[in-house]
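> build me a model from this:
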Amino acid sequence: MRSTKVVVGALIARDGCYLITQRPPNAVLPLLWEFPGGKVEPGETDQEALRRELKELMGIDVEVKDRLLHIRHAYDDYDIDFRVYVCDLISDDIAHLRVHDHRWVPEEELDSYEFPAADKKTLDMLLLTPVA
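All right, here's what the predicted structure looks like:
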């Protein structure tokens, strides 16, 4: 039986650049870049999960705003239900607690980074969707 992982991602923009993070070398899909976020735990809302994950990943606080995109993607062993929210960064000091690296990347340079397939779908849709 295939499992479905419900995950959330944060679209955080500053000065025309988007925040992306690099997965640790020992993670699934190691060293690929992604929009920061993580799994929704039972009993959590998407917004609660996103605030918790970003605090655990980078020690940052965010205000979760509107859902921008909703993507479904099938990997070999599981499906992913990926929801991307626009977020405002409240705390600006980014630590690498559970990420290998982070970058602020202008939209026109995002496609020069290697993303997992679900994030790539998100990226493709993002480039077609204006962010308010």
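
> and the helix or strand of the chain with the lowest mean pLDDT, how far out from the chain middle?
Here the helix or strand of the chain ranked lowest by mean pLDDT, DSSP states H and E is helix 117-126, holding a mean of 80. Distance of helix 117-126 from its chain centroid, counting by C-alpha atoms, centre = their mean, to the nearest Å, is 10 Å.

> repeat that for stretch 112-127.
Distance, stretch centre to chain centre, for stretch 112-127: 10 Å (C-alpha atoms, centre = their mean).

> helices of this structure, residue ranges please.
For the chain, applying DSSP state H gives helices covering 46-58, 117-126.

> for the first one, buried residues please.
For helix 46-58, the neighbour count (16 or more other C-beta atoms under 10 Å) marks 46-47, 49-54, 57-58 as buried. Just so you know, the C-beta spots here come from the backbone N, C-alpha and C atoms, and that holds for glycine as well.

> so what's the residue count around G37?
When neighbours are counted by other C-beta atoms under 10 Å, G37 registers 24.

> now the one 4 residues further on
By the other C-beta under 10 Å criterion, the neighbourhood of E41 contains 11 residues.

> that one contacts E53, correct?
No. Using C-beta atoms under 8 Å, E41 makes no contact with E53, being 9.5 Å away.

> switch the helices of the chain over to JSON lines; also include distance to G37.
Below are the helices of the chain laid out as JSON lines (distance: least, C-beta to C-beta, whole Å):
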{"stretch": "helix 46-58", "distance to G37": "6"}
{"stretch": "helix 117-126", "distance to G37": "10"}
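
> appreciated, that's everything.
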